[in-house]
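Novice: What shape does this take:
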Amino acid sequence: MESRRNSTTVVGFSLLPSELIHYIILRLALPDIFHLKSVNKFITSVIADQDFARDYNLRSSSSTWLFVYKKRWHRDPVVVHGFTQSSERWFKVMIGDILKPVTPPGEDLYFLTAAGNFFLFALNCSREVISVDPITKTVKRIPQSPLGPRGTSSWRRSGIKLLAGPSESGQFRFLFAEMVDNNPTLFEYDSTTNKWKSTIARENNVNLTHNNVKDKNRIFLSASNGPNTSIVISVGCDINDPLVVRPRFTALPEDGELAVGFSWGSVINRLHIYGDGRMLIVRSGSVGLNDCRRIRVLKHIELWGLSPNGSQWAFVSSIPNGLIDEIKKPYGVMMGCLEEREQTIRVILMSNFEGAWDIIWLGFDLVKSRWFRVPLPVFNMEGSNMAGVTFSSGLTIA
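Specialist: Numbering: from 1, shown residues only. Coordinates of the predicted model:
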């Protein structure tokens, strides 16, 4: 009976005016479109139309996705879960079969980042990096960088950036920043040439007072982050001329304890999360009376950014108390990621308390100077380990 009802629904949908069908499908998430494509030939013809593909890809370029990779055992199939605000549920991106030719049994994968149709994974055992395109079902080994083999712990989220080329090109660039012999160095891989190149960033010493390094067309990669000073590589359109900025953090901390990117809540009161030339400070407080098992909750969250000349971290905004009250929960472990795109800061906070994971998506509109929270559907991670989380955009049909 259910199958017959679904069939009738699909037939009825096909009888709608083509312009209306085009309008409806254009607003669906990509996994929903592929599902429709598999059950109805007429809808397949709509999706295959070049005008529709162009319109969808253009619209998709501004859609933000949250991708999470969780795993239980090495033998489990590799599945990345994705969520976008145009839907109300999590989608599964099945890539286990695509990875089989390049990942031996028992390989330990970590999800690094994503952009467009490309997903990047680090392989801990073989110390390789691979790219996966789930749309074309292709996988590519990325040659070792000039630094040689790197395990999963060597990659810092705030120091990497994946840049997808035009949708029809099937190409991408992968950038990361690292300190090499005390020199901030930019590494770039280009899939077109299948080669790496490295460039030592030059110091930004010219006209610091009037130099505006916070250009919307520049990319900011963290090479090093400490309690008081960060080293950031600023990359413009000319990839061959990266600059070094060294913003100092002059605010007085509440305590001397600091974690960067990942925090064991029973030990650290202050967590710094970096990305795209921004810094999020998460302050926590104790709610437990037993010092042997102190329980932490969020107390205060601040957003900071680079000053115009890049010499300091400048305060931007703090989350209102009302929103803090909505999201504060006990936690034992916390991690996060941050991105800036199209005048909006996006933050993911993932916390674990006694084996239960919680995901919070926050945003800050730079134009309206307004904080907001994106509600997320229930995401079951019971018994699973966190193996990578990232924002992405630009998923395309082809």
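Novice: I figured Arg278 hits Trp313, correct?
Specialist: No - distance between Arg278 and Trp313: 9.3 Å, which falls outside the contact criterion (CB atoms under 8 Å). Quick note: C-beta positions are derived from backbone N, CA and C, even for glycine.
Novice: Which stretches in the stretch 151-300 of the chain count as strands?
Specialist: 160-164, 172-180, 183-190, 195-200, 202-203, 219-225, 230-235, 243-245, 259-260, 262-264, 270-275, 278-286, 296-306 (DSSP state E, counting those that start in this stretch).
Novice: Find residues that contact each of Arg278 and Trp313.
Specialist: Trp304, Gly305, Leu306 (CB atoms under 8 Å, 6 or more residues apart in numbering).
Novice: Was I right to think Ser87 contacts Ala29?
Specialist: Yes - the pair Ser87 and Ala29 qualifies as a contact (CB under 8 Å) at a distance of 4.4 Å.
Novice: So for these two, which sits in the more crowded spot?
Specialist: Neighbour count, other CB atoms under 10 Å: between Ser87 and Ala29, Ala29 has more, with 21 against 16.
Novice: what about that one, distance to Ala177?
Specialist: 33 Å (CB to CB, to the nearest Å).
Novice: List the backbone torsions phi and psi for Thr192.
Specialist: phi -70, psi -40 (degrees, to the nearest 10).
Novice: residue contacts, it?
Specialist: Contacts for Thr192 (CB under 8 Å, 6+ apart) come out as Gly165, Gln171.
Novice: 10 Å instead?
Specialist: Gly165, Ser169, Gly170, Gln171, Phe172, Arg173 (CB atoms under 10 Å, 6 or more residues apart in numbering).
Novice: Repeat that for Ile25.
Specialist: By CB under 10 Å, 6+ apart, the neighbours of Ile25 are Phe13, Asp32, Ile33, Leu36, Lys37, Ile43, Val46, Ile47, Phe52, Asp55, Tyr56.
Novice: Over to Ser87?
Specialist: Leu28, Ala29, Leu30, Pro31, Asp32, Trp65, Pro377.
Novice: likewise Ser369?
Specialist: Applying CB under 10 Å, 6+ apart, the residues contacting Ser369 are Val316, Ser317.
Novice: and the gap between it and His272?
Specialist: 22 Å.
Novice: re the thing from before, which residues do Ser87 and Ala29 both contact?
Specialist: Common contacts of Ser87 and Ala29, defined by CB under 10 Å, 6+ apart, comprise Trp65.
Novice: Low-confidence stretches in the stretch 251-398 of the chain?
Specialist: Applying pLDDT under 70 to the stretch 251-398 of the chain flags residues 252-268, 288-294, 398.
Novice: Go again with 80.
Specialist: Across the stretch 251-398 of the chain, residues meeting the criterion (pLDDT under 80) sit at 251-269, 286-295, 381-384, 398.
Novice: Please enumerate the helices of it.
Specialist: 321-327 (DSSP state H, counting those that start in this stretch).
Novice: Any idea what Phe315 is bridged to?
Specialist: For Phe315, the beta-bridge partners are Trp304 (DSSP bridges).
Novice: That one contacts Arg278, correct?
Specialist: No - the pair Phe315 / Arg278 is not scored as a contact, 11.7 Å apart, by CB atoms under 10 Å.
Novice: Next, the contact list for Gln312, please.
Specialist: Counted by CB under 10 Å, 6+ apart, Gln312 has contacts Thr229, Val245, Arg246, Pro247, Arg248, Phe249, Thr250, Ala251, Trp304, Gly305, Leu306.
Novice: Just send those back as a markdown table, with neighbour count and distance to Ser154 too.
Specialist: Formatted as a markdown table, these follow (neighbours: other CB atoms under 10 Å; distance: CB to CB, whole Å):
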| residue | neighbour count | distance to Ser154 |
| --- | --- | --- |
| Thr229 | 13 | 22 |
| Val245 | 25 | 23 |
| Arg246 | 16 | 22 |
| Pro247 | 24 | 24 |
| Arg248 | 12 | 26 |
| Phe249 | 19 | 25 |
| Thr250 | 9 | 30 |
| Ala251 | 12 | 30 |
| Trp304 | 22 | 26 |
| Gly305 | 21 | 27 |
| Leu306 | 23 | 25 |
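Novice: any idea which of those residues is closest to Asn182?
Specialist: Lowest distance from Asn182 to those (CB to CB) belongs to Arg246, with 12.8 Å.
Novice: Tell me how far the closest one lies from Leu221.
Specialist: 14 Å.
Novice: which residues are in contact with both of the two?
Specialist: Residues within reach of Arg246 and of Leu221 at once, by CB under 10 Å, 6+ apart, are Pro184, Ile231, Val232.
Novice: filter these to the buried ones?
Specialist: Burial by neighbour count, 16 or more other CB atoms under 10 Å: within the shared contacts of Arg246 and Leu221 this picks out Pro184, Ile231, Val232.
Novice: Domain map for this structure?
Specialist: Per the record, the chain has its domains at 2-58, 61-393, by automatic domain parsing.
Novice: now stretch 114-134: mean pLDDT?
Specialist: Averaging pLDDT along stretch 114-134 gives 93.
Novice: ok now that stretch, how far from the chain's centre?
Specialist: 13 Å (CA atoms, centre = their mean, to the nearest Å).
Novice: Okay, buried residues for it please.
Specialist: For stretch 114-134, by 16+ other CB under 10 Å, it's 114-123, 126, 128-134.
Novice: Same check on stretch 370-380?
Specialist: Trp371, Leu376.
Novice: Surely Ser198 touches Glu188?
Specialist: Yes - between Ser198 and Glu188 there is a contact under CB under 10 Å: 7.7 Å.
Novice: Is it correct that Phe372 is in contact with Thr344?
Specialist: Yes - using CB under 10 Å, Phe372 is in contact with Thr344, at 9.3 Å.
Novice: overlap in contacts of these two?
Specialist: Gly363, Phe364, Asp365.
Novice: Any idea what the first one is bridged to?
Specialist: Counting by DSSP bridges, Gly363 is bridged to Arg346, Phe372.
Novice: residues contacting it?
Specialist: Thr64, Thr344, Ile345, Arg346, Val347, Arg370, Trp371, Phe372, Arg373, Val374.
Novice: Contacts only, for the second one.
Specialist: For Thr344, the set of contacting residues under the criterion of CB under 10 Å, 6+ apart consists of Thr64, Gly363, Phe364, Asp365, Leu366, Val367, Lys368, Phe372.
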